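In: Curious how this folds, go ahead:
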Amino acid sequence: MYQYDAFDHAFVRDRNAEFADQVARRLSGEITEDQFKPLRLMNGLYLQLHAYMLRIAVPYGVLSSKQVRKLAHIARTYDRDFGHFTTRQNLQFNWIKLADAPKILEELAEVEMHALQTSGNCIRNTTTDQFAGAAKDEHEDPRPWAELIRQWSSNHPEFTFLPRKFKIAITGADRDRAAVRVHDIGLHAKPEGFDVYVGGGLGRTPSLGHCIKTGLKGENLLSYLEACLRVYNRYGRRDNIYKARIKILVAALGPNEYARQVEAEWATLDKSRIDAPTAEIDRIRSFFPAPAWKTGFDEAAFARAKTADPGFARWLRNNTLAHRQDNHLSVTVSLKPAGAPPGDASSAQMDLLADVADQYGYGELRVSHEQNIILPHVAKDDLYALYSRLDAAGLGTANGGKITDMIACPGLDYCSLANARSIPLAQDISKRFEDAQLTDKIGDLSIKISGCINACGHHHVGHIGILGVDKQGVEFYQILLGGRADENAALGVITGKGLSAEAVPDAIERVVQLYLKLRKDEGERFIDALERLGREAFAEALHEPA
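Out: Residues are numbered from 1 along each chain as shown. Got it, this is the predicted structure:
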């Protein structure tokens with residue numbers, strides 16, 4: 001992973017000192033909460049329903065074991081002993097005292113972490129494929145490019161106060177595991193260069209990004225992004241917060257006209273002053289070397305372990321991914337055991353994850369936008385020992401990609417913007433489908449839950465999406481069908497009338513049972529059957545017969 005140089009250390013230290021002074025002035029009453037709000041948001045500090053929430057940046061989702069131990073320490077010392085991993089590959093602490101915030105930032109700086117650009121109308125954390133640098137189907141490791149974007153965007157003087165927050169995602173594999181089509185800018189690295197998608201996003205006006213350029217060379221990436229941002233910064237609406245995202249501008253202009261304006265702006269730029277020289281790109285790449293791979297593989301012992309322990313065999317099927325090294329696999333550690341809040345991890349679990357990363361995973365971990373933890377490089381000979389450690393600690397749930405591997409935002413339990421609770425509903429659904437044989441029979445199926453229209457739970461791109469709404473003070477949930485966030489991205493459509501929280505698990509069970517009845521064979525996934533048969537075939541199943 002990237003390591004700070006002298007500039008990075010000084011930059012974070014100075015920002016922390018500045019914020020400590022701002023906190024002191026707020027605590028003394030020298031400035032009001034209204035005056036303090038834009039200052040705290042620039043440092044990742046939100047005021048939610050019950051307490052301050054501090055959002056920690058995890059650039060492109062990459063963590064070292066040392067950093068995870070620091071996060072565990074902060075959870076124990078300053079929070080209620082847990083943290084919440086988010087769909088932006090970040091971590092949130094939900095019970096922070098304002099007086100403690102400067103000290104937390106100081107401690108984060110000790111392990112090269114911060115909370116900058118996790119809020120506000122700036123370029124947010126660039127997200128990427130959680131299996132970057134490991135996946136067998138990868139053409140290009142996106143992490144160095146994400147780091148280049150981080151350095152370019154950090155405190156960018158022109159893009160610190162954009163019309164609205166701005167999110168970039170990048171992938172370098174055949175399969176899109178970074179949801180690039182639903183970001184303000186999505187980058188898909190291919191052998192011939194980057195495909196650039198602009199104008200995606202969820203929220204109250206969901207939209208898929210439009211491909212405005214193909215084959216963009218990496219050496220011109222920053223200047224092209226600069227042109228994209230300049231057009232948006234110039235013409236993006238600032239009179240209406242609900243119409244301020246770049247997707248609204250692209251829709252108003254039309255993708256072709258927006259692309260034309262970007263090309264015209266790009267032609268005026270002095271690219272030599274913006275684009276990173278080859279030497280700098282090579283310098284950044286040098287911080288992402290492959291580990292010194294363990295060699296060998298005892299295939300017979302591996303086979304015996306799978307035969308002797310069916311739980312291990314199931315975990316291998318569901319929670320591992322093919323690695324570029326044939327004697328390794330990438331491992332997904334599920335943070336979704338039955339009945340647990342999706343994405344939460346206790347300090348003890350974080351400490352364990354750091355330990356197993358050191359012992360079996362070359363000291364590296366990742367955060368996925370599905371709110372799980374990844375060990376990207378694990379030798380096959382170590383997999384059974386790893387699984388045994390995880391399973392004993394309650395982290396061996398073998399549900400990767402399955403119906404209980406849900407995304408859920410914090411919802412009304414924490415968020416002041418939410419209309420309905422997300423976590424209790426996710427817990428109820430996971431308990432309804434906790435039977436391992438049933439979830440394996442159902443196969444790959446994504447459920448994504450948001451507590452309001454802002455769509456932090458990505459409900460628009462769940463195979464089954466759930467949106468919490470408020471109807472005269474009562475929580476109801478709208479069900480969307482047909483969304484997906486992969487290379488064949490599609491937006492789900494609200495189907496049927498709103499349901500009470502109590503009715504949702506039954507409705508989902510009816511839809512799932514109908515799918516099992518109608519699918520062509522065991523290999524046809526839910527989303528494929530839905531696209532073949534149409535939403536209407538499942539709409540009636542959402543509601544109890546009259």
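In: so where do the strands sit in the stretch 201-350 of the chain?
Out: 210-216, 320-322, 328-333, 344-346 (DSSP state E, counting those that start in this stretch).
In: winner for burial among those?
Out: Using mean count of other Cβ atoms under 10 Å, the stretch among the strands of the stretch 201-350 of the chain with the largest mean neighbour count is strand 328-333, at a mean of 25. In short, each C-beta sits where N, CA and C put it, glycine included.
In: Nearest to Asn233, out of the strands of the stretch 201-350 of the chain?
Out: Smallest distance to Asn233 across the strands of the stretch 201-350 of the chain (Cβ to Cβ): 16.7 Å, for strand 210-216.
In: Quick check: neighbours of that closest one in the sheet, parallel or antiparallel?
Out: Sheet pairing of strand 210-216 (DSSP bridges) gives strand 193-198 (antiparallel).
In: for the strand it pairs with, what is the average pLDDT?
Out: For strand 193-198, mean pLDDT rounds to 98.
In: Outside of that strand itself, list whatever touches it.
Out: 180-181, 183-188, 209-218, 221, 224, 228, 246, 250, 255, 258-259, 262 (Cβ atoms under 8 Å, 6 or more residues apart in numbering).
In: In helices, which of the residues you listed appear?
Out: The helices, defined by DSSP state H, take in 221, 224, 228, 246, 250, 255, 258-259, 262 from these.
In: any idea which of these is closest to Asn94?
Out: Looking across these and measuring by Cβ to Cβ, the closest to Asn94 is Ile246, at 29.4 Å.
In: Count residues in the vicinity of Leu316, would you?
Out: If you count neighbours by other Cβ atoms under 10 Å, Leu316 ends up with 20.
In: Next, work out how far apart it and Phe131 are.
Out: The spacing between Leu316 and Phe131, counted by Cβ to Cβ, to the nearest Å, is 16 Å.
In: same check, this time on Gly343
Out: Separation of Gly343 from Phe131 (Cβ to Cβ) stands at 18 Å.
In: Sketch out the low-pLDDT regions of the stretch 401-546 of the chain for me.
Out: 546 (pLDDT under 70).
In: Could I get the full set of helices for it?
Out: Under the criterion DSSP state H, counting those that start in this stretch, the stretch 401-546 of the chain contains helices at 423-432, 436-442, 504-518, 526-533, 536-539.
In: Tell me which of those is the most buried.
Out: Greatest average neighbour count among these goes to helix 423-432 (a mean of 20), per mean count of other Cβ under 10 Å.
In: would you list the strands of the stretch 201-350 of the chain in CSV and tack on mean pLDDT?
Out: What follows is those, written out as CSV (pLDDT from 0 to 100):
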stretch, mean pLDDT
strand 210-216, 98
strand 320-322, 98
strand 328-333, 98
strand 344-346, 98
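In: which one of those strands lies closest to Gln67?
Out: For Gln67, the closest of these is strand 344-346, at 13.5 Å, according to Cβ to Cβ.
In: Glu522 and Gly443 touch, don't they?
Out: Yes. Distance between Glu522 and Gly443: 7.5 Å, which falls inside the contact criterion (Cβ atoms under 8 Å).
In: neighbour-wise, which of the two wins?
Out: Counted by other Cβ under 10 Å, Glu522 and Gly443 do not tie: Gly443 has more neighbours, with 19 against 10.
In: how about that one, what does it touch?
Out: With contact set as Cβ under 8 Å, 6+ apart, Gly443 has these partners: 402, 522, 525-526.
In: Go through these and name the one nearest His459.
Out: Each of the contacts of Gly443 was checked against His459 using Cβ to Cβ; the closest is Phe526, at 15.9 Å.
In: how far does whichever strand or helix holds Val68 sit from the chain's center?
Out: Take DSSP states H and E as the rule and Val68 turns out to sit in helix 65-78. Here the centre of helix 65-78 is set off from its chain's centre by 20 Å, with Cα atoms, centre = their mean, to the nearest Å.
In: Check the gap between Asn454 and Leu516 for me.
Out: From Asn454 over to Leu516 the distance is 33 Å, taken as Cβ to Cβ.
In: Okay, buried residues for the lengthiest helix in the chain please.
Out: Assignment by DSSP H gives helix 6-28 as the longest helix of the chain. Neighbour-count burial for helix 6-28, counted by 16 or more other Cβ atoms under 10 Å, picks out 8, 11-12, 15-16, 19-20, 22-23, 26.
In: Stretch 150-165 now?
Out: 150-154, 159, 162-165.
In: what's that stretch in contact with?
Out: Contact partners of stretch 150-165, identified using Cβ under 8 Å, 6+ apart, comprise 11, 59-60, 116-117, 119-126, 166, 222, 225, 229-230, 232-233, 236-238, 241, 244-246, 276, 284.
In: Just the ones in helices from those, please.
Out: Of these, the ones assigned to helices by DSSP H are 11, 222, 225, 229-230, 232-233, 246, 284.
In: Most neighbours of all the residues you listed, which one?
Out: Ranking those using other Cβ under 10 Å puts Ile246 first, with 29 neighbours.
In: so that residue makes contact with Gly236?
Out: Yes. With contact defined as Cβ under 8 Å, Ile246 reaches Gly236; the gap is 6.3 Å.
In: Can I get the helix or strand that contains Leu54 in PDB, CA atoms only?
Out: Per DSSP H and E: Leu54 is located in strand 52-56. In PDB, the C-alpha atoms belonging to strand 52-56 read as follows (Å, rounded to 0.1, in the frame of the first residue of the first chain):
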ATOM      1  CA  TYR A  52     -21.200  12.800  16.600                       C
ATOM      2  CA  MET A  53     -20.100  10.400  13.900                       C
ATOM      3  CA  LEU A  54     -16.500  10.400  12.600                       C
ATOM      4  CA  ARG A  55     -16.000   8.900   9.200                       C
ATOM      5  CA  ILE A  56     -12.500   7.500   8.700                       C
END
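In: How far off centre is it?
Out: Chain-centre distance of strand 52-56: 16 Å, with Cα atoms, centre = their mean.
In: Mind giving me the packing neighbours of it?
Out: Contacts defined by 3 or more Cβ pairs under 8 Å, 6 or more residues apart in numbering; DSSP states H and E place strand 52-56 against strand 45-47, strand 91-96, helix 101-110.
In: Strand partners (parallel or antiparallel) of it?
Out: As defined by DSSP bridges, the strand partners of strand 52-56 come to strand 45-47 (antiparallel), strand 91-96 (antiparallel).
In: Leu63 bridge partners, please.
Out: Beta-bridge partners for Leu63, by DSSP bridges, are Leu365.
In: Let me see the contact set for it.
Out: Applying Cβ under 8 Å, 6+ apart, we find Leu63 in contact with 1, 71, 364-367.
In: who wins for neighbours among the residues you listed?
Out: Neighbour tally across these (other Cβ under 10 Å): the maximum, 29 neighbours, falls on Arg366.
In: quick one on the thing from earlier: can you convert the ones in helices among the contacts of strand 193-198 into a markdown table and add a column each for pLDDT?
Out: Formatted as a markdown table, these follow (pLDDT from 0 to 100):
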| residue | pLDDT |
| --- | --- |
| Leu221 | 98 |
| Tyr224 | 98 |
| Cys228 | 98 |
| Ile246 | 98 |
| Val250 | 98 |
| Pro255 | 98 |
| Tyr258 | 98 |
| Ala259 | 98 |
| Val262 | 98 |
